[in-house]
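> how would this look folded up:
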Amino acid sequence: MTHKGTATFIAQRTSAVILLPLAVWFLAGVIAHTGSTYEEVRAWLATPLNAGLMGALILAGAFHMRIGANEIIDDYSPAGSRGLWKLLNLLAATGVAGASIYSLIAIAA
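Next comes the predicted model:
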């Protein structure tokens with residue numbers, strides 16, 4: 001065992017702190033565009049600032065999700081299968097982040 005609990009704790013809390021203002025920005029944007037057309041929302045998201053913030057939200061969220069799921073795997077899965085579950089967790093987080101960033105680029109382009 002590597003005893004990296006403190007580093008994981010700090011990474012989880014840091015990603016949560018990063019996600020907080022990004023989530024507030026996202027919710028404010030959603031509320032501000034309630035009733036807007038697809039093209040209006042797409043134009044808003046296509047601006048460099050908003051696209052960058054959305055990318056940061058996606059990446060920070062995927063990172064936060066991976067750390068949280070790893071903690072659940074450590075707590076509740078049998079020792080023999082943890083490596084497989086953690087690999088699947090990494091692939092899932094990477095896949096979700098990659099697909100989301102690809103979609104963001106497609107929308108913003």
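
> next one: the helix or strand hosting D74 to chain centre, how far?
D74 is part of helix 48-76 when elements are defined by DSSP states H and E. Distance of helix 48-76 from its chain centroid, counting by Cα atoms, centre = their mean, to the nearest Å, is 3 Å.

> Give me the below-cutoff pLDDT ranges for this structure.
For the chain, the stretches flagged by pLDDT under 70 are 1-3.

> Quick test: name the residue nearest the centre of it.
Using Cα atoms, centre = their mean, the residue of the chain that lies closest to the mean C-alpha position is G61, 1.8 Å off.

> pretty sure that one contacts L19?
Yes: G61 is within contact range of L19, at 6.3 Å (criterion: Cβ atoms under 8 Å). For every residue, glycine as well, the C-beta is placed using N, CA and C.

> roughly how far apart are the residue of the chain positioned farthest from its centre and A92?
Relative to the centre of the chain, the most outlying C-alpha is that of G80, 28.0 Å out, by Cα atoms, centre = their mean. The gap separating G80 from A92 is 20 Å, by Cβ to Cβ, to the nearest Å.

> Burial check on L88, number of neighbours?
12 (other Cβ atoms under 10 Å).

> Then L57?
Neighbour tally, L57, other Cβ under 10 Å: 19.

> show me what contacts the residue farthest from the centre of the chain?
Counting by Cβ atoms under 8 Å, 6 or more residues apart in numbering, G80 makes contact with nothing.
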